[in-house]
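Enquirer: Pasting the sequence and the predicted model now:
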Amino acid sequence: MSDHSPAQADNVTMSSGGLYSLATKGAKDVIDKATPQVLEAIDRMNPEPELSEFHMVDMGCADGGTSLQMVEAVIQKVRQAGTETPIRVTYSDQPRNDFNALVGIIHGISDFDTYLNRHNNVFPSCSGASFYLQGVPDLSVDLGFSATAMHWLSRKPCDIANHVHMVGASKSELQVFAEQARTDWETILLCRARELKPGGRLVLVNFCIDPDGQYLGNTGGINMFDTFHSNWSQMLDQKRISQHEYARMTLPQYYNTIEEFSEPLVDTDSRCYRAGLRLEKIQTAVVRCPFAAEFESDNDTKNFADGLIPTIRSWNESTFLGALDPARPTDERNQLIEDYYELYRQQVLDDPSGHGMDYVHAYMTIARV
């Protein structure tokens, strides 16, 4: 069952060429909802008018399009204290991220309106390190931000035998994923503790399982992850994919609870607490799937399916494609992927009720003392 190769985490990347931000309206809605909490964190920091620099980091940024307005709000907030304060914005993501698209979006290419059009003395740059590594020098960051990213594990700890996600894993499999997630969360936090200046803040917005048992795509309608599992199982039963390929479909993700997020930040004996990190605020919130909300208004089933499936595809296609046997011809693998998403699309067209991808997040503010 288990496959402990670190390469199992390599088949994870968001859609490239700016398609991620264009497809994932909901991810931007989540960041927009977090923006008041980000500005509140800056208020708590009480930046001085004569700051030599204000440095923020956007971790797990993908192509950067979903956070453009949030970054501009930060610029405007900091400039209330010091009109000429230089502002450095460091974007970071995994090595396979489309940094070309990121740079293009920051510069306003295509359908994106960038803060660089309106603000001087702002210096965006890219870090080649993911959030599992320290990406900038010690004590150099005023504000760290991440949204909808840190549920991706550093490695897939095992294959899940009869599902594609930890939400459907057996107890023993779930324990393996939970331990990997605990280790990864500590790693992420310790890297941030080294980067943050004393008095700096982190605002981290992560997928979670909320106190009502809700999680992404499971808020009362059809369970999205069960649909993933069911559709790949159907292709397995049809012998279109092998059992080995099905097992490799496992997504290297984990959704923490509030208690799991909080533990290393409130336990005085934990390494994170001893490194100076303190939990200031945590709550959960559900952001409605924008495509489902639009469908409720216009009852346009085709528009709903044509919006929902690309946003789902934008973050899991690389994992599913990477799970297919590389000995298969490329055209055959690509066709299997097309057929899989068309199967899902047709299910939505046939009966749209209950489908959707509501976002369920924990919104955290963490201080560095």
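Expert: Everything's here; your move.

Enquirer: Assign a three-state SS to Met364, would you?
Expert: Of the three states, Met364 takes strand under DSSP: H, G, I helix; E, B strand; the rest coil.

Enquirer: Give the burial count for Asn117, as a bare number.
Expert: Asn117 has 9 neighbouring residues, counting by other C-beta atoms under 10 Å. Every C-beta, even on glycine, is put in place using the N, C-alpha and C of the backbone.

Enquirer: That one touches Gly108, doesn't it?
Expert: Yes: Asn117 lies in contact with Gly108 (C-beta atoms under 8 Å); the separation is 6.0 Å.

Enquirer: which residues of the stretch 1-150 of the chain score low on pLDDT?
Expert: 1-24 (pLDDT under 70).

Enquirer: which residues in it form strands?
Expert: With DSSP state E, counting those that start in this stretch as the criterion, the stretch 1-150 of the chain has strands at 54-59, 87-92, 122-127, 141-147.

Enquirer: which helices and strands does the helix or strand containing Glu263 pack with?
Expert: Element membership of Glu263 [criterion: DSSP states H and E] is helix 258-266. Secondary-structure packing of helix 258-266 (3 or more C-beta pairs under 8 Å, 6 or more residues apart in numbering; DSSP states H and E): helix 171-195, helix 271-274, strand 277-287, strand 359-368.

Enquirer: 6 Å instead, please
Expert: Other elements packing on helix 258-266 under the criterion 3 or more C-beta pairs under 6 Å, 6 or more residues apart in numbering; DSSP states H and E are strand 277-287.

Enquirer: show me where the protein has helices.
Expert: 19-23, 25-45, 68-81, 99-106, 171-195, 224-237, 243-248, 258-266, 271-274, 290-298, 301-323, 330-350 (DSSP state H).

Enquirer: Turn these into a markdown table, including mean neighbour count and distance to Ser125.
Expert: Below are the helices of the chain laid out as a markdown table (neighbours: other C-beta atoms under 10 Å; distance: least, C-beta to C-beta, whole Å):
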| stretch | mean neighbour count | distance to Ser125 |
| --- | --- | --- |
| helix 19-23 | 21 | 19 |
| helix 25-45 | 19 | 20 |
| helix 68-81 | 19 | 13 |
| helix 99-106 | 20 | 10 |
| helix 171-195 | 18 | 14 |
| helix 224-237 | 18 | 36 |
| helix 243-248 | 17 | 36 |
| helix 258-266 | 17 | 29 |
| helix 271-274 | 17 | 27 |
| helix 290-298 | 16 | 31 |
| helix 301-323 | 19 | 25 |
| helix 330-350 | 15 | 34 |
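
Enquirer: I'd like those written out as JSON lines, with distance to Pro137 added.
Expert: Converted to JSON lines, these look like this (distance: least, C-beta to C-beta, whole Å):
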{"stretch": "helix 19-23", "distance to Pro137": "29"}
{"stretch": "helix 25-45", "distance to Pro137": "19"}
{"stretch": "helix 68-81", "distance to Pro137": "20"}
{"stretch": "helix 99-106", "distance to Pro137": "20"}
{"stretch": "helix 171-195", "distance to Pro137": "8"}
{"stretch": "helix 224-237", "distance to Pro137": "39"}
{"stretch": "helix 243-248", "distance to Pro137": "38"}
{"stretch": "helix 258-266", "distance to Pro137": "23"}
{"stretch": "helix 271-274", "distance to Pro137": "20"}
{"stretch": "helix 290-298", "distance to Pro137": "38"}
{"stretch": "helix 301-323", "distance to Pro137": "31"}
{"stretch": "helix 330-350", "distance to Pro137": "41"}
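
Enquirer: Ok, which of those comes nearest His361?
Expert: Closest to His361 of those is helix 25-45 (C-beta to C-beta; 6.0 Å).

Enquirer: any idea how far Ala81 is from the residue of the chain positioned farthest from its centre?
Expert: For the chain, the largest distance from the centre (C-alpha atoms, centre = their mean) belongs to Glu50, which lies 34.3 Å off. From Glu50 across to Ala81, the span is 9 Å (C-beta to C-beta, to the nearest Å).

Enquirer: Arg194 too?
Expert: 26 Å.

Enquirer: go on, Asn121?
Expert: 14 Å.

Enquirer: Over to Ala129?
Expert: 29 Å.

Enquirer: Then Pro157?
Expert: With C-beta to C-beta as the criterion, Pro157 and Ala81 are 45 Å apart.

Enquirer: ditto for Asn334
Expert: From Asn334 across to Ala81, the span is 52 Å (C-beta to C-beta).

Enquirer: Ok, Ile309 next?
Expert: Taking C-beta to C-beta, one finds Ile309 at 45 Å from Ala81.

Enquirer: still on that earlier bit, roughly how far is the helix holding Glu263 from the heart of the chain?
Expert: Distance of helix 258-266 from the chain centroid (C-alpha atoms, centre = their mean, to the nearest Å) equals 19 Å.

Enquirer: likewise stretch 248-268?
Expert: Distance of stretch 248-268 from the chain centroid (C-alpha atoms, centre = their mean) equals 14 Å.

Enquirer: Give me the contact list for that stretch.
Expert: 9, 151-153, 156, 159-160, 164-166, 177, 181, 186, 207-209, 215, 232, 270, 272-273, 277, 279, 282, 319-320, 323, 362 (C-beta atoms under 6 Å, 6 or more residues apart in numbering).

Enquirer: Likewise for stretch 83-98?
Expert: Contacts for stretch 83-98 (C-beta under 6 Å, 6+ apart): 13, 16, 51, 53-61, 63-64, 71, 75, 78, 102, 121-127, 129-130, 135-136.

Enquirer: let's see it at 7 Å
Expert: 13, 16-17, 51, 53-64, 71, 75, 78-79, 102, 121-127, 129-131, 135-136 (C-beta atoms under 7 Å, 6 or more residues apart in numbering).
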